[in-house]
Every structure is written in C-alpha cells, then in structure tokens.
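> here's a sequence, model it:
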Amino acid sequence: MPRFDFAIEPAWRIPLRLFGVTPERAFALVEEGALTVRFGHWLLRTPLSNVAGTTLTGPYSTLKVIGAHLSLADRGITFGTNPRRGVCVRFHTPVPALLPGGLLTHPGATLTLADPEGLVRALEKRPDT
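Next comes the predicted model:
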C-alpha cells in the first residue's frame, strides 16, 4: 500500500503541530480500493472509484496554502504544508473532510505531498480504471 507523506516546510512545523499535523499524522494512502488522507485532526476517505482525476499544481501563495483551507470558489479543500507544489485530486461525488458528519463536502482536494507525481501514478494504476 503506497504511502505519500506531506512535505512539511520547516518554518511551519510548529504552527502545523498545533493542528495535529506532524510527519506521523500527515499522509495519503492508496489502499484496498480507497484513498485515505490524514492531515492532523482531519481525515478524508473515499473509494478509488470516486477519483475522477488528478492535476499537478503549484507553486502557491504561502498564506493561501499552509494548513487546512476551504476554497470559497468551488468548496475544494487544501491540505497544505509548503508553497512549492502539490496535486489536486478531483472526485466524481464530493467528499467530507473539513467538518465532521459530512456537513460540508468537497469536489476536490489539493495535497502538498513530498511526491505528488507518485500519488498521481498510484491513482492512475488503480484497479477500477
């Protein structure tokens, strides 16, 4: 099961830790028919069949990417740890992540991983495609 760690910017380690974002609790997993993203206190989990596509993205404005952010334009979620690069994962059916209980769902998630290309490759190889 491939695990993809977030690339945590050294200057943001302490502020992100306040939200539970540590190297142990900031990763994406492609496993047993599901994509799971843990970002400190937040969790996103969806079947691989719900992944509509991916796009490599970045660089970003630091203030717009560090931490967990909701896009007011499209309700997308960003789990950000650095301003350099990441991957946007789009979903067929929006998924909950930011608020508990599915009160808010997201059509996409931007993840600032150490190996965004690796996540793209892992999602392209998923068995449901």
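> tell me the secondary structure for the residue lying closest to residue 60 once chain neighbours are set aside?
Ranked by Cβ to Cβ, 6 or more residues apart in numbering and with sequence neighbours excluded, the top spatial neighbour of residue 60 is residue 83, at 4.8 Å. Using the backbone N, CA and C atoms, a C-beta is placed for each residue, glycine as well. The three-state label given to residue 83 by DSSP: H, G, I helix; E, B strand; the rest coil is coil.
> same question for residue 24.
Relying on three-state DSSP, one would call residue 24 helix.
> report the helix or strand with the lowest average pLDDT across the chain.
helix 62-65 (a mean of 85; mean pLDDT, DSSP states H and E).
> list the buried ones in that one?
Neighbour counts over helix 62-65 (16 or more other Cβ atoms under 10 Å) mark residue 65 as buried.
> how close does the spatially most central residue of the chain get to residue 38?
Taking Cα atoms, centre = their mean, the centroid of the chain lies closest to residue 111, which sits 3.4 Å from it. Distance, residue 111 to residue 38, using Cβ to Cβ, to the nearest Å: 11 Å.
> you'd agree residue 118 is in a helix?
Yes: counting by three-state DSSP, residue 118 is located in a helix.
> how about the helices in the protein?
13-17, 62-65, 116-124 (DSSP state H).
> quick one: average pLDDT of the last one?
In other words, helix 116-124. The average pLDDT within helix 116-124 is 96.
> list the beta-bridge partners for residue 68.
residue 79 (DSSP bridges).
> right, and it touches residue 77 too?
Yes: look at residue 68 against residue 77 with Cβ atoms under 8 Å: they come within range, at 6.9 Å.
> higher neighbour count, the two?
Under the neighbour definition other Cβ atoms under 10 Å, residue 68 and residue 77 were set side by side, and residue 77 has more, 27 against 17.
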